[in-house]
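> sequence unknown, structure follows:
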Ligand code: HAS
Ligand code: HEM
Ligand code: CU
């Protein structure tokens, strides 16, 4: 992107300082709420890691007063980290970036309205969670039944995010009308396509909430069909991982090159990546249900191939970002394979955090592709392997990227300066090291058959020792990782909260500007002269329709069969 062209485009909105301050404020609220949720969620994590080291801390009276059971803690951990933290951070990030990128003036009352609605939904759902009335784990599979307020609160939260999506997409439609024949700028393109993807994928969860779960918990239906609910859950539940991941990709593609001192390799390629995710993220969810009955093997295998296909845009991203980092290292005087590594800015926590997040994703992605295999799945499904996989995808690739982004984004939004950059840097290394050790320990335990979601340290310590005798080393690794991650979390949250509480210095537009990168191959601005790839990816509305059609095609027959054979069972709970 040409910096001059960018400045000209966004000038009117920037000059309206009151508007800009308000936009930054609402974004700051989203981001701060996200990190408060993550703080609580992360504090529970090490306790679970100790469990997988054979150490049961849940009998401790102080802890007993706070958490009624391992499962209440695990429910809070999963919901706060994977659902609340991500959704709040992403809603702020993906509202602010495209609006700034287009230089648009949005309706700020509406923007605040969505924030308030999302927070209200969170509070409504949090009460039963804290009262141990919604100890359902973050997947809330029926027939486990929680208090109705959990389902209602969660639905309100998701609905609020759909309104954010609507506001951004409509702002873009307005931008298109005002700028006919122009190529959508990259950050806007990525954000809009991602919000469109979220609308396609959230349909599963929304219909489960409206037509299955809420009527059931209010007693309007005699029971619930667990398989239908689970299938609708994974319709959303797989693609949601890309709703988490792609905001990190936006940072890796659009901002990290500049932060590292290089350029974006190819804007058209970045656009292609996002379109592939829009089309193919959703119709793959049955790889979570290989073990479930009443879904034919044919559909399971089709979804498996589509899962392999959805690894391709991530592979494109891997090579493309590696190219940006090489470009950065060269510009900083690096030569040769090792020069590429040594000449990156290893003292900058923003860059280091993101590079380490990516390195973790090499393992997370490779593990995901292995996990997706129909033949291998029975070995590791429902074992500790699975938390091993997703703590180096969502728990590191995504979370650590958001953490590193916060080191510049919070100063940018608040006009404050990052407190203790060295502690920030240390927290990134600690988090990465802790998560890599955690991943080795948990994948390994999984291969030895240790089940996930089990208070294994208490129920079966003798069995743990007998049955999983060979697991001493991975157990030790998991326990050690819990300690390292606790330290990492404390260091990180010290930096974030101390920064938020420090005094404001300026409006940050000059001191911490949006770190737009230049491109080696830009997409251009005029559609007529743009490349075929840019022209093919520009009609996002049409591509969106194709995405809806694909998901209907790939889920319609599966859901039809499940509905024809529906059998309702009553709810139950175990807490
Ligand atoms: Fe997954 C289960 C398959 C990606 C999250 N996954 C989960 C669950 C979660 C999750 C939360 O097929 C658990 C759900 C539950 O509670 O039951 N996953 C995949 C596949 C991918 C994948 C094929 N997962 C993710 C991402 C997640 C995530 C992303 C969160 C953000 N996953 C599965 C399957 C299951 C599953 C099965 C069900 C298992 C079961 O039995 O229950 C792919 O999208 C991965 C593609 C990624 C790559 C990596 C690209 C690498 C990049 C980094 C490059 C690095 C550079 C740095 C440039 C191909 C982009 C270089 C710099 C230097 C200095 C060296
Ligand atoms: C589950 C540890 C951070 C998301 C788990 C489990 C452990 C663990 C051991 C498995 C529990 C079981 O299966 O019984 C930790 C540690 C963390 C951490 C030590 C860092 C201090 C995170 C982060 C995220 C996350 C940052 C996401 C943003 C989840 C989810 C589950 C989980 C979604 C699954 C819950 C379920 O099965 O219902 N965590 N975690 N964790 N963790 Fe973490
Ligand atoms: Cu999945």
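That came through, no problem. Computed from a predicted structure; not experimentally measured. Ligands and ions are numbered 1, 2, ... in the order given.

> which bits of the stretch 401-550 of the chain sit near ligand 2?
With the criterion set to Cβ under 6 Å from any ligand atom, the stretch 401-550 of the chain comes near ligand 2 through 452-454, 482, 485, 489. Quick note: C-beta positions are derived from backbone N, CA and C, even for glycine.

> List just the nearest of those residues to residue 148.
residue 453 (23.9 Å; Cβ to Cβ).

> about what we covered before: now for the residues of the stretch 401-550 of the chain next to ligand 2: which two are most distant?
454 and 489 (23.6 Å).

> who's more crowded, the two?
residue 489 (22 against 19; other Cβ atoms under 10 Å).

> which SSE is the more buried one in?
Remark: residue 489 resides in helix 472-501, with elements defined by DSSP states H and E.

> how about that helix: buried residues?
474-475, 477-482, 484-486, 488-493, 495-496, 499-500 (16 or more other Cβ atoms under 10 Å).

> what's the closest non-adjacent residue to residue 49?
residue 482 (3.0 Å; Cβ to Cβ, 6 or more residues apart in numbering).

> any idea how far the one you found is from residue 430?
Using Cβ to Cβ, to the nearest Å, residue 482 is found at 12 Å from residue 430.

> Can you tell me how far the residue lying closest to residue 291 once chain neighbours are set aside is from residue 310?
With sequence-adjacent residues excluded and distances taken as Cβ to Cβ, 6+ apart, residue 291 is closest to residue 381, at 5.6 Å. Per Cβ to Cβ, residue 381 is found 19 Å from residue 310.

> who's more crowded, these two?
More crowded of residue 381 and residue 310, by other Cβ under 10 Å: residue 310, with 24 against 16.

> quick one, what contacts the closest residue to that one other than its chain neighbours?
Excluding its sequence neighbours, the residue lying closest to residue 310 (Cβ to Cβ, 6+ apart) is residue 280, at 4.9 Å. The neighbours of residue 280, taking Cβ atoms under 8 Å, 6 or more residues apart in numbering as the test, are 306, 309-310, 313, 550.

> among those residues, which two are most distant?
The widest separation within these (Cβ to Cβ) is 15.0 Å, between 313 and 550.

> more crowded one of those two?
residue 313 (24 against 18).

> any idea which helix or strand carries that one?
Under the criterion of DSSP H and E, residue 313 resides in helix 312-331.

> so where does the closest residue to ligand 2 within the chain fall, helix or strand?
Taking Cβ to the nearest ligand atom, ligand 2 has its nearest neighbour within the chain at residue 45, 2.5 Å off. Using DSSP H and E, residue 45 maps to helix 17-51.

> Report the mean confidence score over that helix.
Mean pLDDT, helix 17-51: 97.

> so for the next helix or strand along the chain from that helix, what's the average pLDDT?
On the C-terminal side of helix 17-51, the nearest following helix or strand under DSSP H and E is helix 61-66. For helix 61-66, mean pLDDT rounds to 94.

> buried ones in helix 61-66?
Applying 16+ other Cβ under 10 Å to helix 61-66 flags no residue as buried.

> What are the phi and psi values at the residue in the stretch 451-575 of the chain positioned nearest to ligand 1?
Residue nearest to ligand 1 within the stretch 451-575 of the chain: residue 452 (8.0 Å; Cβ to the nearest ligand atom). With angles defined as degrees, to the nearest 10, residue 452 sits at phi -80, psi 170.

> and if you look at residue 144?
The phi/psi pair for residue 144 (degrees, to the nearest 10) reads phi -60, psi 130.

> My read is that it contacts residue 571, right?
Yes. Between residue 144 and residue 571 there is a contact under Cβ atoms under 8 Å: 7.3 Å.

> Now do the same contact list for the residue of the chain closest to ligand 2.
Counted by Cβ under 8 Å, 6+ apart, residue 45 has contacts 77, 81, 482, 485-486, 489.

> now the strands for the stretch 451-575 of the chain?
Counting by DSSP state E, counting those that start in this stretch, the stretch 451-575 of the chain has strands at residues 519-521.

> sec struct for the closest residue to residue 377 other than its chain neighbours, please.
Closest residue to residue 377 apart from its sequence neighbours, by Cβ to Cβ, 6+ apart: residue 290 at 4.7 Å. Classification of residue 290 using DSSP: H, G, I helix; E, B strand; the rest coil returns coil.

> List the contacts of residue 290.
300, 304, 374, 377-378, 381.

> Quick one: list the elements packing against the helix holding residue 489.
On a contact count with 3 or more Cβ pairs under 8 Å, 6 or more residues apart in numbering; DSSP states H and E, helix 472-501 meets helix 17-51, helix 399-414, helix 421-447.

> can I get those helices in a markdown table with distance to ligand 1?
Below are these laid out as a markdown table (distance: least, Cβ to the nearest ligand atom, whole Å):
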| stretch | distance to ligand 1 |
| --- | --- |
| helix 17-51 | 13 |
| helix 399-414 | 9 |
| helix 421-447 | 10 |
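
> Of these, which is nearest residue 88?
helix 17-51 (3.7 Å).
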